[in-house]
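Novice: Predicted model and sequence below, questions to follow.
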Amino acid sequence: QVQLVESGGGLVQAGGSLRLACTASDRTFSRHNMAWFRQAPGQEREFVAAYTWSGGITYFLDSVKGRFTISRNTAKTTVVLQMNSLKPEDTAVYYCAADTLPLRNGVSESLGEYDYWGQGTQVTVSS
């Protein structure tokens, strides 16, 4: 069974940094776009960032642009979300996801286009 395993997260003060990592158990995910979503209490899950399977192209939620970066290892099986200048409104459970469709041209920000999900990791930013 294909798994996405997340690590990182935790509690940090506003202005601090955290690093989230997600590793796929199956190398076939090297051909899938990988993304991060987040869900705050009482809110819908929202797209945060993505890195294309083809490499080098990234997408970000407007509110995290300039603060978050996303990268992928050479084998394309691990994707890292580096979060800097964190704000209390970044508090949420963060989920790693892999696009359902391999070799997709472009990135989808829709939950329905991602069939593979990690277990989620809590990020809490205190003021």
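Specialist: Noted; the coordinates are in hand. Residues are numbered from 1 along each chain as shown.
Novice: The nearest residue to residue 94 once chain neighbours are set aside: which element?
Specialist: Spatially, and ignoring its direct neighbours in sequence, residue 94 is nearest to residue 38 (4.8 Å; Cβ to Cβ, 6 or more residues apart in numbering). The way it works is simple: take the backbone N, C-alpha and C, and place the C-beta from them, glycine included. Of the helices and strands defined by DSSP states H and E, residue 38 is found in strand 34-39.
Novice: Can you show me the strands along this structure?
Specialist: Under the criterion DSSP state E, the chain contains strands at 4-8, 10-13, 18-24, 34-39, 46-51, 58-60, 68-72, 78-83, 92-99, 114-117, 121-126.
Novice: mind checking which of those strands is nearest residue 108?
Specialist: With respect to residue 108, and counting by Cβ to Cβ, the nearest of the strands of the chain is strand 92-99 at 6.7 Å.
Novice: in its sheet, what does the closest one sit against?
Specialist: For strand 92-99, sheet partners with direction are given as strand 34-39 (antiparallel), strand 114-117 (antiparallel), strand 121-126 (antiparallel), following DSSP bridges.
Novice: Next one: the residue minimising distance to the centre of the chain, what pLDDT does it get?
Specialist: By Cα atoms, centre = their mean, the chain has its centre lying nearest to residue 36, at 1.9 Å. Here the pLDDT value assigned to residue 36 is 97.
Novice: List the contacts of the closest residue in space to it that isn't next to it in sequence.
Specialist: Using Cβ to Cβ, 6+ apart and skipping residues adjacent in sequence, the residue nearest residue 36 is residue 48, 4.5 Å away. Under the criterion of Cβ atoms under 8 Å, 6 or more residues apart in numbering, the contact list for residue 48 reads 35, 36, 37, 38, 60, 61, 64, 68, 81, 94.
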